[in-house]
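Undergrad: fold the following and give me the result.
(chains A and B)
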There are 2 protein chains.
Amino acid sequence: MSEFKSVVPKTINPDLQKERKAATFDVEEFATWWHDGEAKLRAKREVERHIFANLEDGYGINHEYMSHEDVYNTAVRRVAEAAPKLKALQKKLNPGGKDIWPGSLFNTHSHGLFPSNHPLATHATMFTDVIKGQGTPEQVAKWSEAAENCNIIGTYAQTELAHGTNVRGIATRADFDAKTDEFVLNTPNLEAYKWWPGGLGHTANHAMVVAQLYVKGEHKGIQMFIVPVRDAETHLPLPGIDIGEVGKKLGMVAVNQGFLGLKNVRIPRTNMLMKHAKVQRDGTFKASPASRVNYLTMVYTRCLIVNLNSTLLLEAATIATRYSAVRRQSPIEENAPEPQIIDHVTQRLKLFPEIANGIAYHLVAKHMWELYDQTVLDANNGKFERLPDMHIMSCALKVLCTTDGCAGIERLRLSTGGHGYLISANLSNIYGNAVAAYTYEGENTVLLLQIGRALIKAWRTYTQREPLSPSYAYFEEAMRQREFPKWENSWQCIIRALQYTAAHKTRIAYENLAERIAAGQSQAGAANNTGIELTRAAELHGRQFVCNIFLEQIIGEKASRRSKALNDVLENVLELFLVQTVLNNLNDILRFIRLTDADLRSLQKRLEVALEKFRPNAVAICDGFDFHDCVLNSSLGSYDGNVYARLFDAAKRSTMNQKPVQKSFENYLKPLLKANL
Amino acid sequence: MSEFKSVVPKTINPDLQKERKAATFDVEEFATWWHDGEAKLRAKREVERHIFANLEDGYGINHEYMSHEDVYNTAVRRVAEAAPKLKALQKKLNPGGKDIWPGSLFNTHSHGLFPSNHPLATHATMFTDVIKGQGTPEQVAKWSEAAENCNIIGTYAQTELAHGTNVRGIATRADFDAKTDEFVLNTPNLEAYKWWPGGLGHTANHAMVVAQLYVKGEHKGIQMFIVPVRDAETHLPLPGIDIGEVGKKLGMVAVNQGFLGLKNVRIPRTNMLMKHAKVQRDGTFKASPASRVNYLTMVYTRCLIVNLNSTLLLEAATIATRYSAVRRQSPIEENAPEPQIIDHVTQRLKLFPEIANGIAYHLVAKHMWELYDQTVLDANNGKFERLPDMHIMSCALKVLCTTDGCAGIERLRLSTGGHGYLISANLSNIYGNAVAAYTYEGENTVLLLQIGRALIKAWRTYTQREPLSPSYAYFEEAMRQREFPKWENSWQCIIRALQYTAAHKTRIAYENLAERIAAGQSQAGAANNTGIELTRAAELHGRQFVCNIFLEQIIGEKASRRSKALNDVLENVLELFLVQTVLNNLNDILRFIRLTDADLRSLQKRLEVALEKFRPNAVAICDGFDFHDCVLNSSLGSYDGNVYARLFDAAKRSTMNQKPVQKSFENYLKPLLKANL
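TA: Coordinates of the predicted model:
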């Protein structure tokens, strides 16, 4: 093996050198802007220098050849070894912060440190967050620090085998036993087994169990309970606990997601999280005051997902773009040398729009974070007006970013041809980690239907001439015009066109819904039957929002803090994004807006020009995201572009290649060869 | 573990029973039709009864928990054990046939027998086929039977690390040495290593090496050479052979794809396949007469791909549809019980169009096979007129079926929510096996560009008023009309609309190409710059073809052989397919055809009605494909619908669940828990 490490040269592939020299902007300025300033960029790099130094040989790929069990045990070792180092580094580089510990357990660094993720992922995020958010001060004191210091390892157990998105349907129950001042938890049937919690399989010794509370036989709604599940010393499952892992998945292989059945498991009353709802010693139940704060938690989680998924998309785009600048194939001019495949126009169409998508979603998420901070301030002052719109917008953003992002990652993988099929390219792993978000935290279609309901409500408000909240204000402007005005080649025109279309799609969904109700269908039945149109309107509503915010981020007042060279590049990214959005949605737009043949030709031209302008900067833009090679973990995507040497090096690490002949030869293959079938 | 097997009841889920009772047609008639008659259906079931009886416990999933190496060794054992049984079964059930041996190594049965595929896949298909197709009678005598009886195991080595689709660029060379009457094979550099051949890693002892032939230093084009790569007794790599596997991939895990470097490897002159080109003893080279037969091989392979990928799509659709009839979630009417999720209209839109896609591609492939047989007959009589059209149509069919099919499989997986993320659902495995076809046998974008070039050529023919071959005859009809006639709600109107659109897209691509050439660009450069429009025109050209043939298969003379009940069902499948095709391509159609608001509403209505009509027959249609449970190999898709029990059963088979505490606890997790970080 060591012999083969030498095939990776220390030099940079000349094609990439050429690309970097040809860029029209300063990559370092891009990176600084992208990472919110010099200090943050420097800090990020400093952390990476520490955590990615001295990783064992083959760190990013060896686990792929292991058994499922060894992958798990290796991940436990890695996270247990990393923990004290990360904590020490936090103390040294940024005392009091959380960006390194526990940050590196789940931020972008974690993609490099834990390529198949790890079994403390849910512990370090949801378990610790929920205690702080939903616990009383005493509960926080008791569990929060213990959890943060890993004296206990927890997980969050909500979803059941037969109930996911529809949380109200979960069937695990917790009965209050006033005699012993305990809750008794039970899983009534197989369908009610908890299923999916990260680390629950063999790692966590506590689970935050979401269950239906009953006091004196009366149902008191869904509450959360801290349930010890394994012995602190022996780690054996506690009595009444049936626990294990859910089996292998297409991604997040080392997360050790588990199942849990509970049989008369008793926990003290004080193990129910009681910041909001309460059960008192005598069994008196105090309901939670109607809380709008939950909305904020959901907004928070969805913004995190958009950060994660736009990052994963850009990781994939960086890999595919660098590869496309190095791979040479299929002469364009006969008898000419084979060009970099990035010079095939159809290849550019596979790469650059995904880069634009990733940048757009990242910037829109940034806007959402600013809004979020403002909304938290407002909420603390008793002002909640902004919440419902925020909620719906975060739903739309989550749906669009995960849908576009995952499809984009797979398109990018396919753009790398056969080599993208190799695990060592890391594109399939990135996809596996990204695509889970299509389903969790609100399945995308379910969220679109929620947005659809909000649109219907807003449309009703509009037709009743009542004031619309800002998210829907475009309805008025769109409907004021009998017909969409003459098409202009401007960004604003594109956004107006999307808004005009979204408004009319909403109108049609509303009309069809009303018609169905008038024909005797129930409100709910009619809404189900109008589902296709509602989801489509919801998507367009989201798209006009994303385009609008992206435009603002690029040409708004923030532009003045960037050089002209960088702004030129970003404006071209914006142009590509907007033109692509129009072209991808013409099936709806053309229904309401008459674009002439000349308009359509000019849009196609704009697409081609934007791709052409993008070309010299594509590699440099990807460099500007400043992904560490360990984070990309890709034979195709490393900074040096030594693609073939790295593919070969990765292949040589296959455990199978350590032996010239496999053991099945003597026992099975040789007899077959000699059998004269 | 055995305790947990008992959680799978022997009964059929009542929801599925209800579905089956409600079907409006006879499933057995569907199955008979689908499998080309009673005799074939009976034979298929008979084979399945034999080959799927007595599979070891956990056959379909145990390998998922193994190390990469064990997966391979297990696959070798399975295929070596299966071989004599399959051969005996062939002799018993259908002597002289090939449907069982070697058929079951690669047909639908193989999906059940070899869930991660197996290392003899390339041997049993390409290696044996190429010898027969390209070898002289002596060569066939020498190698063909030995290969068919597995006395030698071969593979087909064409693609190199740096050269795939562009075969002309491969760099492996074979120099004729007249002194010794041998060829000397060499891999000039790392980039020229052979890469991807199935079984090459550790299984094959022969490789069919594709190389640039040189005789007396003169280049004589690309030829094929049979090269022994491993010792027949010891299986050790032979001198000059650097061999190994390419590393893990996202699918086809047990195929043992390998790399190969050659250093002065000598083989007898007679190891070059010489049916066409020849090197004589004295070094005289006889070039191959320009052969149109290669076209036929390509057509053959692409039809096989369409068969495979439409089958995989329908396997996924069967799994997702059965699951959707069993899963209950999210009340439609408030306070009503949770419905089968198949009753959410948005869910139907995820399922039924994919079933229609699978049926359409399957039937179009059937048509292509009939054409193929006819074309072979014609070719034997010296008639080659049909060949170029066949070639282009098979390209289009391969591109559309793999693109739509793979996207469909992933949509279906996502439609099953979280559980589809589990390996035991088998949807990710189906995807992994299907998606490779996007790239191999002509990368899809490269094929679209080929079709685009053929369209440009045909358009030029049209503008010069020369006779068009049948595939492009629709240009004339489309262009005869100044404007598309009034929209009708008929299938023929949809096909005319697609043809009208394809013709106009071709016209625009042609115009833009001509404009670029007029502006001074080279033909090739202009074609590259027109690539986006060319690929889009190519796609539409393919779509009108698929729709046209599908229509013919459903309402043509074959309909009279089916009952009215079955024809009603199939006509609804057709309706759904055509309406969906229009709706998915409105972005182009609306550019050329003015559909009124009423037309568009009526298309939406037709979509909704077709989905509604599909609903009672969805499960029964999937039953009609007659997939054996072992072929589906899915916790979500078995015939009995015992979804939760099977999910649980599959989880319990995880090797990790055989121990309550993993070994990393003592060494790593416990120290972390006690560390007081």
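Undergrad: which strands and helices lie in contact with the longest helix along chain A?
TA: Of all segments of type helix in chain A, defined using DSSP state H, the longest is helix A:345-380. Applying 3 or more C-beta pairs under 8 Å, 6 or more residues apart in numbering or on different chains; DSSP states H and E, one finds that helix A:345-380 contacts helix A:293-326, helix A:387-415, helix A:531-555, helix A:564-584, helix A:597-614, helix A:618-625, helix B:444-463, helix B:531-555. Backbone N, C-alpha and C define where each C-beta goes, glycine included.
Undergrad: for those, which one sits closest to residue A:369?
TA: helix A:293-326 (5.9 Å; C-beta to C-beta).
Undergrad: quick one, that closest one and helix A:387-415 angle?
TA: Interaxial angle, helix A:293-326 versus helix A:387-415 (axes from the mean of the first three to the mean of the last three C-alpha atoms, to 10 degrees): 20 degrees.
Undergrad: quick check: mean pLDDT of helix A:293-326?
TA: If you average the pLDDT over helix A:293-326, you get 94.
Undergrad: what's the answer for stretch A:500-511, then?
TA: Mean per-residue pLDDT for stretch A:500-511: 98.
Undergrad: could I get the buried residue list for it?
TA: A:500, A:501, A:502, A:503, A:504, A:505, A:506, A:507, A:508, A:509, A:510 (16 or more other C-beta atoms under 10 Å in any protein chain shown).
Undergrad: which of the residues you listed lies closest to chain B?
TA: Checking these against chain B with C-beta to the nearest C-beta, the nearest one is residue A:508 at 7.9 Å.
Undergrad: quick one: least confident helix or strand in chain A?
TA: In chain A, no helix or strand scores lower on mean pLDDT, DSSP states H and E than helix A:2-5, which sits at a mean of 44.
Undergrad: returning to that earlier point: and the longest helix of chain A, how far out from the chain's middle?
TA: 12 Å (C-alpha atoms, centre = their mean, to the nearest Å).
Undergrad: what residues sit buried inside it?
TA: Across helix A:345-380, burial judged by 16+ other C-beta under 10 Å covers A:345-369, A:371-372, A:375, A:379.
Undergrad: number of residues surrounding residue A:564?
TA: Neighbourhood size, residue A:564 [other C-beta atoms under 10 Å in any protein chain shown]: 9.
Undergrad: same question but for residue A:320, I mixed them up
TA: For residue A:320, the neighbour count with other C-beta under 10 Å is 32.
Undergrad: and what of the one 4 residues further on?
TA: The tally of other residues near residue A:324 (other C-beta under 10 Å) stands at 26.
Undergrad: same check, this time on residue A:168
TA: Residue A:168 has 11 nearby residues by other C-beta under 10 Å.
Undergrad: which SS class is it?
TA: Secondary structure for residue A:168, judged by DSSP: H, G, I helix; E, B strand; the rest coil, is helix.
Undergrad: one more: residue A:152?
TA: coil.
Undergrad: verify the stated contact: it with residue A:144.
TA: No - when contacts are counted by C-beta atoms under 8 Å, residue A:152 is not listed as touching residue A:144 (10.2 Å).
Undergrad: for residue A:657, which non-adjacent residue is closest in space?
TA: Leaving aside its sequence neighbours, residue A:657 sits nearest to residue B:244 (C-beta to C-beta, 6 or more residues apart in numbering or on different chains; 4.2 Å).
Undergrad: isn't there a strand covering the one you found?
TA: Yes - read with three-state DSSP, residue B:244 is one of the residues of a strand.
Undergrad: how many neighbouring residues does it have?
TA: Neighbours around residue B:244, by other C-beta under 10 Å: 24.
Undergrad: partner residues bridging it?
TA: Bridge pairing for residue B:244 (DSSP bridges) gives the partners residue B:259.
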